[in-house]
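Novice: this one's sequence-less:
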């Protein structure tokens, strides 16, 4: 990471500290922030991955990829993207969801204070009859649809 990026991170952290967001400031400086990418099917479209990767780069965060148990192995294109992230100094890890993925997302965010953004591929299939609400999240939700090249925040 270059000197300019380090200075940018320190200045951003100082801004958060000035307004009383000390935990956020500390996480920005020590790099413990995480972006959670969760997908409700066993496919991994590259659009949401690109969105999550860009958010990781912009916020100096690592990536948590939450997948359902029994999902297919990561496609080569996705593995290459994750390897590129690691070469850029962005740590990532693949996590297995226990049970229903929406509840696993809420539980992960509730127990991992380092998660500051959640990225999903679509709102379809997440809201109806799932027994959870995105309003329960303690962080922003970003919807990065498969055909979307930009990230939309909720």
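Specialist: It's in. None of the values given here were measured: they were computed from a predicted structure.
Novice: downstream neighbour of the helix or strand hosting residue 119 in the secondary structure list?
Specialist: Per DSSP states H and E, residue 119 falls inside strand 115-120. Toward the C-terminus, strand 115-120 is succeeded by strand 141-143 as the next helix or strand (DSSP H and E).
Novice: distance between that following strand and the chain's centre?
Specialist: Centre-to-centre, strand 141-143 and its host chain are 9 Å apart (Cα atoms, centre = their mean, to the nearest Å).
Novice: same question, stretch 60-79
Specialist: Taking mean C-alpha positions (Cα atoms, centre = their mean), stretch 60-79 and its chain are 11 Å apart.
Novice: so for it, what gets flagged as buried?
Specialist: 60, 61, 62, 63, 64, 65, 66, 67, 68, 74, 78 (16 or more other Cβ atoms under 10 Å). In this view, the C-beta of every residue, glycine as well, is placed from N, C-alpha and C.
Novice: same list (the residues you listed) but as CSV, adding pLDDT and secondary structure.
Specialist: Output for the buried residues of stretch 60-79, formatted as CSV (pLDDT from 0 to 100; DSSP: H, G, I helix; E, B strand; the rest coil):
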residue, pLDDT, secondary structure
60, 86, coil
61, 91, coil
62, 93, strand
63, 94, strand
64, 94, strand
65, 91, strand
66, 90, strand
67, 84, strand
68, 74, coil
74, 77, coil
78, 82, helix
